[in-house]
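Asks: sharing a model that was predicted from the sequence below.
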Amino acid sequence: MTSLFRDTGVDYAVVVYREEGRWQAGLLPERLVNDLHGLIAALRQQPGDSGSIGLVNVSDEFFVALRLTGEEVRVLLSDVTASVAWDLAKQVIDVLGVAAPADEQDVEEVWPAGDLSIFDDLGMDEMELGAVLSDLDAYADEMLLTIARRLGFAEPLGRALDAALG
């Protein structure tokens, strides 16, 4: 499973949800990798016991995590500076009301935006998620794998990616 997450450079969007107490994961259509509102609409259609989680990896450069519970939409962008080059990141910061980096000097630093407490109730608090996001040597897919392992859905996620990308 780990080989899936290393050096793929592939864009993907997945949905993860709990059904009857077990984690399930599935690949979402590729077009949703660049469409935040389409991604939210797709996540609303998932059956999860307590909502759904969307994870998007863009070229291993950054990721977006979404959490939908009822009408509530929580969003996390792993790197605000990605908004300079990537449409999805720009859409996220627009929704969050966060300013894009002003100049090239700002792009030298990496920082997340959005809801760092997105996984608190699942057992990963802001401090732990912040530590994952601050690892500048980790690719986005590696950060997502760390989160998936910590929250307990690495196996279903790996199977979904293996079936679709393998």
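Replies: Thanks, I have the structure now.
Asks: which stretches of this protein form helices?
Replies: For the chain, the helices defined by DSSP state H occupy 2-5, 36-44, 87-96, 104-107, 126-133, 140-151, 154-165.
Asks: include mean pLDDT and distance to G21 when you put those helices into CSV, please.
Replies: Glycine gets a C-beta too; all of them are placed from N, C-alpha and C. As requested, the helices of the chain are exported to CSV (pLDDT from 0 to 100; distance: least, CB to CB, whole Å):
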stretch, mean pLDDT, distance to G21
helix 2-5, 40, 25
helix 36-44, 95, 20
helix 87-96, 96, 31
helix 104-107, 54, 43
helix 126-133, 97, 23
helix 140-151, 96, 14
helix 154-165, 88, 13
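Asks: for the ones you listed, which one sits closest to F63?
Replies: Of all those, helix 140-151 sits nearest to F63, with 4.2 Å by CB to CB.
Asks: how about stretch 30-39 as PDB, C-alpha atoms only?
Replies: This file holds the C-alpha atoms of stretch 30-39, laid out as PDB (Å, rounded to 0.1, in the frame of the first residue of the first chain):
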ATOM      1  CA  GLU A  30     -11.100  13.200 -11.600                       C
ATOM      2  CA  ARG A  31     -12.800  16.400 -12.700                       C
ATOM      3  CA  LEU A  32     -13.500  17.100  -9.000                       C
ATOM      4  CA  VAL A  33      -9.800  17.600  -8.300                       C
ATOM      5  CA  ASN A  34     -10.200  21.100  -9.700                       C
ATOM      6  CA  ASP A  35     -13.800  21.900  -8.500                       C
ATOM      7  CA  LEU A  36     -14.400  22.700  -4.900                       C
ATOM      8  CA  HIS A  37     -18.100  23.200  -5.200                       C
ATOM      9  CA  GLY A  38     -18.500  20.000  -7.200                       C
ATOM     10  CA  LEU A  39     -16.500  18.100  -4.600                       C
END
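Asks: residues making contact with that stretch?
Replies: 11-13, 28, 42, 54, 56, 58, 64, 66, 87-88, 91-92, 95 (CB atoms under 8 Å, 6 or more residues apart in numbering).
Asks: what's the first-to-last distance across stretch 52-71?
Replies: Using CA to CA, to the nearest Å, one end of stretch 52-71 lies 11 Å from the other.
Asks: now stretch 112-119
Replies: 15 Å.
Asks: pull out the buried positions in it.
Replies: Across stretch 112-119, burial judged by 16 or more other CB atoms under 10 Å covers 112-116, 118-119.
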